[in-house]
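> fold the stuff below for me.
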Amino acid sequence: GDVPLMRSDVGLVDALAAAHQRADGARSGSVLFVVLEEEHLLCENLMEQELNERWGIPVVTLTMQGCTARLCLGQAQGGASAMDEPLPLLLDGKLLVTVVYFRGGITPQCFGSSDRWAARELIERS
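Here you go, the predicted structure:
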C-alpha cells in the first residue's frame, strides 16, 4: 500500500505550496528540492509527489552539482536593478524556480568545490 506522510511532512508540503503560490510567476514555476549526492530519501519522494499531485506544483530535484550545472539567474523585472530586488532563479535558462528546499547543501561537507559554493550563493541571491 501507500506509505503515508508524517504529519510534520504534510505541514512542510503545505508551507512549500503556500510559498510557491505567493511567488511571482507561480503559474509557470516549480519547487526545487536540493538533495544529498549519495541519497534521495523516501520522505523527499513522498513530499515531491504530494506537492505535484495535491497542489499541482511541478517539482525538480537536483544535487548541489546539478545546481552548479543547471541553475542561473534571470533578468530583473520591469527595469529594476539587481540591487532593488532578487533576480529570478531559472533552471536550464527557462523554468522559473519559485521555492528552494534544501535537504542537501546545508553543511560545509556538502560543498566539495568552489562551484558548489557559487551555486549556493546564486540560489541565495534569487
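> what's the mean pLDDT across the longest strand seen in the chain?
Identified as the longest strand of the chain according to DSSP state E is strand 95-102. Strand 95-102 comes out with an average pLDDT of 93.
> where's it relative to the chain centroid, distance-wise?
3 Å (CA atoms, centre = their mean, to the nearest Å).
> hmm, who's touching it?
Residues outside strand 95-102 that contact it (CB atoms under 8 Å, 6 or more residues apart in numbering) are 16, 19-20, 23-26, 28-34, 58, 60, 71, 74, 88-91, 123, 126. The C-beta positions use only the backbone N, C-alpha and C, and glycine is treated the same way.
> what do you get for stretch 63-77?
With CB under 8 Å, 6+ apart as the criterion, stretch 63-77 contacts 24, 34-37, 62, 82, 84-85, 87-93, 96-97, 104-105, 110-111, 113, 115-116, 118-120, 122-123, 125-126.
> now do the buried residues in the one helix or strand Ala69 maps to.
Per DSSP states H and E, Ala69 falls inside helix 64-70. Using 16 or more other CB atoms under 10 Å as the test for burial, helix 64-70 gives 64, 66-68, 70.
> which of the residues you listed lies closest to Glu53?
Gly66 (23.3 Å; CB to CB).
> show me the strands in this protein, by range?
30-35, 59-63, 71-73, 89-91, 95-102.
> out of these, deepest packed?
With neighbours taken as mean count of other CB atoms under 10 Å, those reach their highest mean count in strand 30-35, at a mean of 23.
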